[in-house]
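Colleague: Predicted coordinates and the sequence they were generated for:
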Amino acid sequence: PTHRLMASSSATPSAPPSSPFELLPWVAAAPHTPAAAVSAPRLLASYSVPAAAPGAPPIAPRAYDPGLAGRLPLDLNAGFEEFIAKDGSPCPVEPIVAALDAVGMADWKAFDVVTFRNNLNKIGMTPFDPSSAWELDAAAHPTHDTLFLDIRQLPDSYRPSQPAEASRMARFSYYGYKFEQLATAPPAAPAATAAPVDANAEFVAV
């Protein structure tokens, strides 16, 4: 099949493309860097972040329910009014460091970057969503080249100013948490899918 990207010499975004850009010949002619070695993820450590409710028990790992398909369709809107969103507390990288240290894996010479997946999502999505702002706090190890990245909450000035847009983003954020709750709930425990979703409660795998 022919893959095409449309290129335009006009500075006006709405102008029609002036000529087709043939993708496959460009890929074939472009210089290539050596392929990066990518290994399968391996669980090194884990820890729990408690729910917002006082006295809430630690969060345990939950497995995907292979019988989920038999329960479709599911309503991801259910329980949205009781959703407990993240409280906006700082999210430093120190818990990851402590978890690795607790299992004897804190050999920083073996790590290039220590961070949350959320930060990698922001960096990796930038070419596809250049209009969304983000900030990171970064620190380098004093004797090694390891880079530590904290999640930095954006000021309110960066958040949607239109109530409708803010509401839409909140609902789509909820859909992700609700799907995780439904997809990992034991089939014999329907009450687990009816409990309010608390985005602050997390089981974190490192």
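Modeller: That came through, no problem. Numbering: from 1, shown residues only.

Colleague: Residue 196 versus the residue positioned nearest the centre of the chain, what's the distance?
Modeller: Nearest to the mean C-alpha position of the chain, counting by Cα atoms, centre = their mean, stands residue 118 at 3.9 Å. Using Cβ to Cβ, to the nearest Å, we find residue 118 at a distance of 23 Å from residue 196. C-betas here are computed from N, CA, C, even on glycine.

Colleague: Strands of the protein, residue ranges please.
Modeller: Secondary structure of the chain, counting by DSSP state E: strands at 4-7, 19-22, 46-49, 113-114, 136-140, 147-151, 202-205.

Colleague: Could you double-check that residue 105 sits in contact with residue 45?
Modeller: Yes - here residue 105 lies in contact with residue 45, judged by Cβ atoms under 8 Å, at a distance of 6.3 Å.

Colleague: if you count what's nearby, which of the two comes out ahead?
Modeller: Relative neighbour count places residue 45 above the other of residue 105 and residue 45, with 18 against 14, counting by other Cβ atoms under 10 Å.

Colleague: In the biggest helix by length in the chain, which residues are buried?
Modeller: Across the chain, the helix with the greatest residue count (assigned by DSSP state H) is helix 163-184. Buried positions in helix 163-184, judged by neighbour count with 16 or more other Cβ atoms under 10 Å: 174, 177-178, 181-183.

Colleague: what's in contact with it?
Modeller: 62-65, 68, 71, 74, 76-80, 83, 85, 159-160, 192-193, 195, 197, 199 (Cβ atoms under 8 Å, 6 or more residues apart in numbering).

Colleague: next one: stretch 130-139
Modeller: So stretch 130-139 is contacted by 92, 119, 122, 125, 147-152, 154, 158 (Cβ under 8 Å, 6+ apart).

Colleague: what about it, distance to the chain center?
Modeller: Its chain's C-alpha centre lies 14 Å from the corresponding centre of stretch 130-139 when counted by Cα atoms, centre = their mean, to the nearest Å.

Colleague: Name the residues of that stretch that are buried.
Modeller: Applying a neighbour-count criterion of 16+ other Cβ under 10 Å, the buried positions in stretch 130-139 are residue 134.

Colleague: Restricting to C-alpha, output it in CSV.
Modeller: This file holds the C-alpha atoms of stretch 130-139, laid out as CSV (Å, rounded to 0.1, in the frame of the first residue of the first chain):
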residue,chain,number,x,y,z
PRO,A,130,2.7,20.4,21.2
SER,A,131,0.0,22.7,22.5
SER,A,132,-0.3,21.0,25.9
ALA,A,133,2.0,22.5,28.6
TRP,A,134,3.9,20.4,31.1
GLU,A,135,6.8,20.9,33.5
LEU,A,136,9.2,18.5,35.2
ASP,A,137,11.5,18.8,38.2
ALA,A,138,14.9,17.2,37.4
ALA,A,139,17.9,16.3,39.5
